[in-house]
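Engineer: need a structure here:
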Amino acid sequence: MLRQVAEDLSVPIGLCIVAAPLLLLAANGLRFHLINGFPSLFVGSAFLIFLGSRPTRRDLLIVLGLTAVSLLFQGSWALIFLGTFSALVLGLRSLKKNDVVPIFWAAVFFVSGAACLDLALVLGSAVIHDTWDWNFYRFDVSLGLPGYVLGRLIAKNPTLQGMTWLAYVFLAPAIAMVHAGQLWKGRQNSPKIVPVVTSALIVGYGLYFVMPGVGPLYAFPNTFPWHPPALANLIGPAYFSNTFRNAMPSLHLTLAILLAWHSRELNKTSAFLANAFVLLTIFATLALGEHYLVDLVVAVPFALTIQAGWTKSRTRATDWLVFSASLRSACHDWSRASLESGGGHAVALRIWRRRLRDERGLNRDHAKWLKRAPLLLD
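Structural biologist: A predicted model of the protein is given here:
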């Protein structure tokens, strides 16, 4: 009975969540201070989910018409209105068709996701005081400070810096594109990317309380990327006020890896672009100073573990969990060896390769990682 009540109330609750920003806008005289470039892209991505649902011409004209009328009152909010009205129309459709309900909640994720993430990070900053930034920075020092090197590269070129920032904030539309592509494919057996991403965000947010960090741009705002601070000056606990504790692990890279994984079922072009986006995300997170290298290292096994949890095939899920566990162990050995000797990471990766060779049932995907990653640093 409770399940039936939950199903009956899910769509009305979702509609209230979608309509809340519009009500807040009306109450504040069309002033909503949370909105900037990143949330606008996040909310506007719901329109891509709407397109992936194969809307009728009538529904499409309703969304575009309401957006055009709303722009008469607030002309700079095109993406906000477009995404919100897309979700509202999907919600009204789901009242009549139950198969539209999952699509509607995918749109709700994008409409409400930016505000939820902002509030969650503000709460984390208020609760968490000391951070691990000094330790993360020491790891980067042992590997030559790649973030500082890439940061200097884009700092000299404003155009490249702007393109890097655009790549950094384009994650939400990219996820929406893959989800829309999955809807067009119509496969019912494999999980869609938005539920997987949602679980990664929830679990990753919990990990922020375990090993909090702010990133080099915020830990060293006066020196990044030109003047790396000396390790001898990093004394005492690291504390930064009014700064999000969202560095470890890098959820940006985590979601990019999940994006690449789910794009494989679309076509070869999508898979190629998604893999290129992973490399671009690695570059952007380091060059912009949003993350340390160790944040990206930990994001790899974290992403694989999340995906394994959603894999329906028990054998394949077990394989990925074994692979992820061995990679997590290698990351620990790598970071420990790097901190102690400054050059032991290649040895740690060779140990990982031997561990994987001893495991049974590794599929071809694992074999590719086995051949490439450790050998690159040998």
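Engineer: Can you give me the buried ones in stretch 144-164?
Structural biologist: Going by neighbour count (16 or more other C-beta atoms under 10 Å), the buried part of stretch 144-164 is 145-148, 150-151, 154, 161, 164. C-beta here means a position set from N, CA and C on the backbone, and glycine is covered the same way.
Engineer: now stretch 126-137
Structural biologist: Judged by neighbour count (16+ other C-beta under 10 Å), stretch 126-137 contains these buried residues: 128, 131-137.
Engineer: Take the residues you listed and keep only those in helices.
Structural biologist: Judged by DSSP state H, the buried residues of stretch 126-137 include 133-137 as members of helices.
Engineer: Show me which positions of stretch 220-228 end up buried.
Structural biologist: The neighbour-count check on stretch 220-228 (16+ other C-beta under 10 Å) flags 220, 224-225, 228 as buried.
Engineer: Please enumerate the helices of the stretch 1-150 of the chain.
Structural biologist: 2-27, 37-44, 46-52, 57-71, 78-94, 101-127, 133-142, 146-155 (DSSP state H, counting those that start in this stretch).
Engineer: If you could redo that for the stretch 201-350 of the chain, that was the one I meant.
Structural biologist: Counting by DSSP H, counting those that start in this stretch, the stretch 201-350 of the chain has these helices, from start to end: 216-219, 251-263, 268-287, 293-310, 314-341, 345-358.
Engineer: Any chance of a markdown table for the buried residues of stretch 220-228, columns distance to A180?
Structural biologist: Shown next, in a markdown table, are those (distance: C-beta to C-beta, whole Å):
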| residue | distance to A180 |
| --- | --- |
| F220 | 40 |
| F224 | 37 |
| P225 | 36 |
| P228 | 42 |
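Engineer: per-residue confidence for G124?
Structural biologist: G124 is assigned 79 on the pLDDT scale.
Engineer: For it, give its distance to N246.
Structural biologist: To N246, G124 is 7 Å away according to C-beta to C-beta, to the nearest Å.
Engineer: which residues touch the residue lying closest to A287 once chain neighbours are set aside?
Structural biologist: Leaving aside its chain neighbours, A287 sits nearest to L150 (3.8 Å; criterion: C-beta to C-beta, 6 or more residues apart in numbering). The contact partners of L150, by C-beta atoms under 8 Å, 6 or more residues apart in numbering, come to 225, 283, 286-287.
Engineer: If you rank these by neighbours, which is first?
Structural biologist: L286 (28 neighbours; other C-beta atoms under 10 Å).
Engineer: quick one on the thing from earlier: now, the most widely separated pair of the buried residues of stretch 220-228?
Structural biologist: Farthest pair in those (C-beta to C-beta) is F220 and P225. Separation: 9.1 Å.
Engineer: Mind listing the shared neighbours of those two?
Structural biologist: Counting by C-beta under 8 Å, 6+ apart, F220 and P225 have no contacts in common.
Engineer: so what pLDDT did T84 get?
Structural biologist: Reported pLDDT at T84 in the predicted model: 86.
Engineer: should've said S335
Structural biologist: In this prediction S335 is given a pLDDT of 49.
Engineer: Same check on H252?
Structural biologist: Looking at H252, its pLDDT is 91.
Engineer: That one: what's it in contact with?
Structural biologist: Applying C-beta under 8 Å, 6+ apart, the residues near H252 are 168, 171, 281, 284-285, 290-291, 299.
Engineer: who wins for neighbours among those?
Structural biologist: Neighbour counts for those, by other C-beta under 10 Å, peak at H291, which reaches 30 neighbours.
Engineer: State the distance from that residue to D140.
Structural biologist: Using C-beta to C-beta, H291 is found at 10 Å from D140.
Engineer: which ones are touching the residue nearest to G204 when sequence neighbours are not counted?
Structural biologist: Spatial nearest neighbour of G204, chain neighbours left out: L251 (4.6 Å); criterion: C-beta to C-beta, 6+ apart. The contact partners of L251, by C-beta under 8 Å, 6+ apart, come to 200-201, 204, 299.
Engineer: Arrange the residues you listed in a markdown table, one row each, with pLDDT and distance to W261 as further columns.
Structural biologist: Listed next are the contacts of L251 as a markdown table, based on pLDDT from 0 to 100; distance: C-beta to C-beta, whole Å:
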| residue | pLDDT | distance to W261 |
| --- | --- | --- |
| A200 | 93 | 11 |
| L201 | 91 | 16 |
| G204 | 91 | 16 |
| A299 | 91 | 13 |
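Engineer: right, and out of these, which lies closest to K96?
Structural biologist: Among the contacts of L251, and counting by C-beta to C-beta, the member closest to K96 is L201, at 30.4 Å.
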